[in-house]
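Student: Task: produce atomic coordinates for the following.
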Amino acid sequence: MNNKLKNMEEILSHQVSGFHQYVLDTPIHLNYVSNNLCEMLGIRKEDLLDDSRDLYAQMVHPADREKYSEFINNIALKEQTLTDEYRLIKKDGTIIYVRDTITSKKLKDGSLVGNSVLTDITDIRNENDNLQFLNETIPCGFLSYTCEKQPKVTYINSKMIEFMRFPEAKDGELDYLEMYKSNIFLMIPMEERRRFSKYLNRVYSAETPIAGEMTILRCDGTRAHIFGWVTKSINEQGEEEFQSVCMDITERYKAKKDNENKRYLKALTDVYDKIFEFNLDTNTVKCLHCEEESFFKKFENLAMQIDDALEKWLVSFISPENQNNVRSFFKDFYQKRLYKKDDKPPQIIYDSLSSDGSINQYMGIFIKIDESVSFYCCRKMQDTSSTEDLKAENDNLKEDIRDLVMRFSDGIAAFEISPEGMVKPLYASENVSEFFGYTQEEWIPLTERYTPLENFVAYSEASYEDYAELLRTGEAEFTYFDYKTEKERKIKAICSQKEPSGSSTRYVMLYDVEDTEPNDKQRLPENRAVFIRTFGYFDVFVGDKPIAFRNKKSKELLAFLVDRKGGFVTSEEAISFLWEDEPANTVTFSRYRKVALRLKNTLEEYGIPDVIETVDGKRRIVMEKVQCDLYDYLSGKEEYSQSFKGSYLTNYSWGETTLGELMNNWE
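Tutor: Numbering: from 1, shown residues only. The predicted model follows:
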């Protein structure tokens, strides 16, 4: 037997950390030890071989000996294979981790032996310990979850449990953690679930980590805001799964929202007499702004329960005949039945007791700040006897747009204009900031400093002269692409007049204008053959009619796709050419998405959407659908050999690479 074991040792010594054989009859002991096991422990074979006792057990770490003894006793019960992990102490005192796999087998004489194969797993255990240390100390939440339609959480670390505020499960009580693990969408607010589902689909298709921010719903019903990454991977079982790493940025997010709301509030206080903040998460209301003589002044910034405060206000101030109507209006609000997508902010008119003791007509409006917080703004309406005055006011909006601002439905922007023509925006809702060519993230720094008008409008599709005219005359009309509805809209911009002092807060407001003029592009040309000109200035023709691109970047994107000659272009590649001096980040990705959306919309208007193919966020020109002077020239046909005259995509500097190639061939 020993000869067989020696031959086996020569093979195993190159594959495993150690090999030995037990005699499992009483007394249990070792009858064979491999050389590499002795080398691993720093001892001689004689130190482990003794027919009367198990000397190997003395090498086991004292804290693991009971575990080891149970392991050996179990393997001695019958023929079987068992595996366990424990620590060994080397002769020099070093502690190592091993995985021991023993297979027991009966010999012909009826005795039971166990063949043990050891694997040194010290490095793996240390790595796991390091990961465990990171898991417990770095301020990140980790999640693994399945790629099913209703993903199940397979792993959640302690930091994520802390983020989610899961209570410790007690006997007889619901285990919230296990309930949430059965469906990750329980962690997502209802209004965010569709967006999160699309986000996971993007990650699954792209097969690359994607970062972003989102709101999650904690176990206690409150909301947290997180930033993180999601990636798709293959787990140890060979199954696809999502893995998320996230950081809790709730406090930073709240601070940012508070600053935005303060700027918004500053603009609204010039329009409304009273402003109240309704917070549905905390079920509280507080007065943010009111007149000095108002009853509510003493309760300013004091949070109160909505039901109690509302009922006291109704009984004390609202006329009896209006109370039920107002009560229903507010009930619909906190039951979330008021807001409808793309609808005007909900409004109500009622009679109420004023600070001077008189009964006056008031108009109130709910302005949604986020899913939890809304501002209720109200102001006393003008006396009906002043109808002629009101008409005159509305006829001269540039002198006073307060009443119009009060009824806004498409957005509001407030600016401070200095005598030198420097612009400092105080606030803009999302659709308005996009109108000026900025994301909300880009807009915020602008509110903290004065910016020359020409710099402020640099990203806008309208020209500097258009904006200068708006400030001079007080009104202008623009064509605006609404990225949420993906449609062109014609809007009117109105700006309040400049005060004689030359330095005052001025309001710019946008609202819809019915497009009564015929739109030539809605009458599609009968001949929809597409010709693209690249030699010289870039232009695209449908039939004999050039496309009037209203967005410079969307035209440049199409030129870039043409330059790539039918190859797919990723978002990162396009960004690096369209915005050469800016890195690919969330801001430029957002900007690029809007440019691509604008291009898609323009091509659809001209009835040629199929000239661009989009697959998983990548885009290409479909060469078979267009005629292009570049493609004709490169075809090598004699009839096109003289079409290149030495200029190419004169509009764009990045076209010089292709121009160089064309020039070499031309010469």
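Student: now stretch 633-652, how far from the centre of its chain.
Tutor: Centroid displacement of stretch 633-652 relative to its chain, using Cα atoms, centre = their mean, to the nearest Å, is 44 Å.
Student: Out of the helices and strands in the protein, which is least certain?
Tutor: helix 402-406 (a mean of 38; mean pLDDT, DSSP states H and E).
Student: Checking residue 219 next. Helix, strand or coil?
Tutor: coil (DSSP: H, G, I helix; E, B strand; the rest coil).
Student: Just the local confidence number for it, please.
Tutor: pLDDT, residue 219: 89.
Student: Quick check, it in contact with residue 178.
Tutor: No - Residue 219 is not in contact with residue 178 according to Cβ atoms under 8 Å; the separation is 11.8 Å. Bear in mind the C-beta positions are built from the backbone N, C-alpha and C, glycine included.
Student: more crowded one of the two?
Tutor: Counted by other Cβ atoms under 10 Å, residue 219 and residue 178 do not tie: residue 219 has more neighbours, with 17 against 11.
Student: what's the spacing between the more buried one and residue 176?
Tutor: In this view, residue 219 and residue 176 are 5 Å apart by Cβ to Cβ, to the nearest Å.
Student: Now do the shared contacts for those two.
Tutor: 166, 167 (Cβ atoms under 8 Å, 6 or more residues apart in numbering).
Student: before we move on, which element is the closest residue to residue 235 other than its chain neighbours in?
Tutor: Of all residues not flanking residue 235 in the chain, residue 241 sits nearest, at 5.0 Å (Cβ to Cβ, 6 or more residues apart in numbering). Element membership for residue 241, per DSSP states H and E: strand 240-248.
Student: before we move on, what about residue 231?
Tutor: For residue 231, the element it lies in under DSSP H and E is strand 223-234.
Student: OK, contacts around residue 53?
Tutor: For residue 53, the contact set (Cβ under 8 Å, 6+ apart) comprises 27, 29.
Student: what pLDDT does it get?
Tutor: 92.
Student: same thing with the one 10 residues further on?
Tutor: At residue 63, the model reports a pLDDT of 91.
Student: cool, and residue 603?
Tutor: pLDDT for residue 603: 90.
Student: ok, it - contacts?
Tutor: 609, 611, 612 are the contacts of residue 603 under Cβ under 8 Å, 6+ apart.
Student: secondary structure class for it?
Tutor: Going by three-state DSSP: residue 603 is helix.
Student: middle-most residue in this protein, spatially?
Tutor: residue 212 (3.1 Å; Cα atoms, centre = their mean).
Student: Residue 199 is in contact with that residue, correct?
Tutor: Yes - between residue 212 and residue 199 there is a contact under Cβ under 8 Å: 6.6 Å.
Student: shared neighbours, those two?
Tutor: The contact sets of residue 212 and residue 199 overlap at residue 230 (Cβ under 8 Å, 6+ apart).
Student: picking up where we left off before, could you flag which of the contacts of residue 603 are buried?
Tutor: The neighbour-count test (16 or more other Cβ atoms under 10 Å) marks 611, 612 as buried among the contacts of residue 603.
Student: List the residues that contact the residue lying closest to residue 182 once chain neighbours are set aside.
Tutor: Nearest non-adjacent residue to residue 182, counting by Cβ to Cβ, 6+ apart: residue 152, 5.9 Å away. Contact partners of residue 152, counting by Cβ under 8 Å, 6+ apart, are 145, 146, 181, 182, 183, 184.
Student: just checking, which of those belong to strands?
Tutor: 145, 146 (DSSP state E).
Student: any chance of the contacts of residue 152 in TSV, with pLDDT and distance to residue 290 too?
Tutor: Formatted as TSV, those follow (pLDDT from 0 to 100; distance: Cβ to Cβ, whole Å):
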residue	pLDDT	distance to residue 290
145	94	48
146	93	53
181	91	48
182	91	48
183	90	45
184	91	44
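Student: Looking at the contacts of residue 152, spot the one nearest residue 350.
Tutor: Nearest to residue 350 out of the contacts of residue 152 is residue 183 (Cβ to Cβ; 43.7 Å).
Student: residues near residue 166, how many?
Tutor: Residues lying near residue 166 (other Cβ under 10 Å) number 20.
Student: tell me which element it falls in.
Tutor: For residue 166, there is no enclosing helix or strand under DSSP H and E.
Student: The residue nearest to it when sequence neighbours are not counted: what's it in contact with?
Tutor: Leaving aside its chain neighbours, residue 166 sits nearest to residue 177 (4.6 Å; criterion: Cβ to Cβ, 6+ apart). If you count contacts by Cβ under 8 Å, 6+ apart, residue 177 has them with 156, 161, 166, 169.
Student: For residue 177, which three-state class applies?
Tutor: Following three-state DSSP, residue 177 is assigned to helix.
Student: Same question for residue 566.
Tutor: Residue 566 ends up coil, using three-state DSSP.
Student: what about it, how many neighbours?
Tutor: Residue 566 has 13 neighbours, counted by other Cβ under 10 Å.
Student: Could you tell me the per-residue confidence at the residue nearest to it when sequence neighbours are not counted?
Tutor: Sequence neighbours aside, residue 623 is the residue nearest to residue 566 in space, at 4.4 Å (criterion: Cβ to Cβ, 6+ apart). We have a pLDDT of 93 for residue 623.
Student: How about residue 512?
Tutor: 54.
Student: got it, and the one 10 residues further on?
Tutor: In this prediction, residue 522 carries a pLDDT score of 47.
Student: Residue 271 now?
Tutor: 77.
Student: go on, residue 419?
Tutor: pLDDT, residue 419: 65.
Student: counting contacts, what elements does the helix or strand hosting residue 444 pack onto?
Tutor: Secondary structure assignment for residue 444, by DSSP H and E: helix 440-446. Using 3 or more Cβ pairs under 8 Å, 6 or more residues apart in numbering; DSSP states H and E, the elements in contact with helix 440-446 are helix 250-268, strand 422-428, helix 430-435, helix 586-605.
Student: repeat that for 7 Å
Tutor: Judged by 3 or more Cβ pairs under 7 Å, 6 or more residues apart in numbering; DSSP states H and E, helix 440-446 is in contact with strand 422-428, helix 430-435.
Student: Show me which residues of it are buried.
Tutor: Buried-residue list, helix 440-446, by 16+ other Cβ under 10 Å: 443, 444, 446.
Student: and if you look at stretch 355-369?
Tutor: By 16+ other Cβ under 10 Å, the buried positions in stretch 355-369 come out as 355, 362, 363, 364, 365, 366, 367, 369.
Student: Give the bridge partners for the second one, please.
Tutor: Bridge pairing for residue 362 (DSSP bridges) gives the partners residue 350, residue 380.
Student: Would you check how far apart it and residue 469 are?
Tutor: For residue 362, the distance to residue 469 equals 37 Å [Cβ to Cβ].
Student: quick one: residue 69 is in a helix?
Tutor: Yes - using three-state DSSP, the assignment for residue 69 is a helix.
Student: Many thanks, we can stop here.
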